[in-house]
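K.L.:
Need coordinates for the following:
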Amino acid sequence: MRVALVLTYVAAAGLGYLLGVRGLLPYGPLKSSTSTPLARLGLALRDGTGKADAASLSLLRGDTDAVRATLGVPERDAFDLVVALRGLKNGGKPDVAAAERSCRALKLARCDARALEVLQKRSAP
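P.N.:
Predicted coordinates for the structure are as follows:
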């Protein structure tokens, strides 16, 4: 009886290990990556992009495009405004022209440089 119980535990541990190594289990340290484009973008918004290297900025642009593709029309315009103001596609440098376009698409009352500067400060964490 005791041998059967020990063998059951050993078999379960071995099976769990094999499934984990192959990446078939959706959790744990053996999973290759649990981050999503939205999570990585949130981190970039929180931490800023000024210190990122070229490879990281390239991945950030891809994450930005992936998140944008999942959004509907009004959310997409607001997302584009934040992306332009925070410079997520330009290495941390605000894209004023794109921000103005997004601002006008959202039909905000003011889209001048001063209003965009205020929006940029409010979009910071």
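K.L.:
got the contact list for the closest residue to residue 124 other than its chain neighbours?
P.N.:
Distances taken as C-beta to C-beta, 6 or more residues apart in numbering place residue 86 nearest to residue 124, at 7.7 Å, with adjacent residues excluded. (Glycine included, C-beta is placed from N, CA and C.) Neighbouring residues of residue 86 by C-beta atoms under 8 Å, 6 or more residues apart in numbering: 45, 49, 92, 94, 120, 123-124.
K.L.:
Quick check: the gap between residue 86 and residue 6.
P.N.:
Separation of residue 86 from residue 6 (C-beta to C-beta, to the nearest Å): 57 Å.
K.L.:
picking up where we left off before, looking at the contacts of residue 86, which one is closest to residue 112?
P.N.:
residue 120 (12.8 Å; C-beta to C-beta).
K.L.:
Regarding the closest residue to residue 111 other than its chain neighbours, what is its secondary structure?
P.N.:
Nearest non-adjacent residue to residue 111, counting by C-beta to C-beta, 6+ apart: residue 103, 3.7 Å away. Of the three states, residue 103 takes helix under DSSP: H, G, I helix; E, B strand; the rest coil.
K.L.:
Done for today, thanks.
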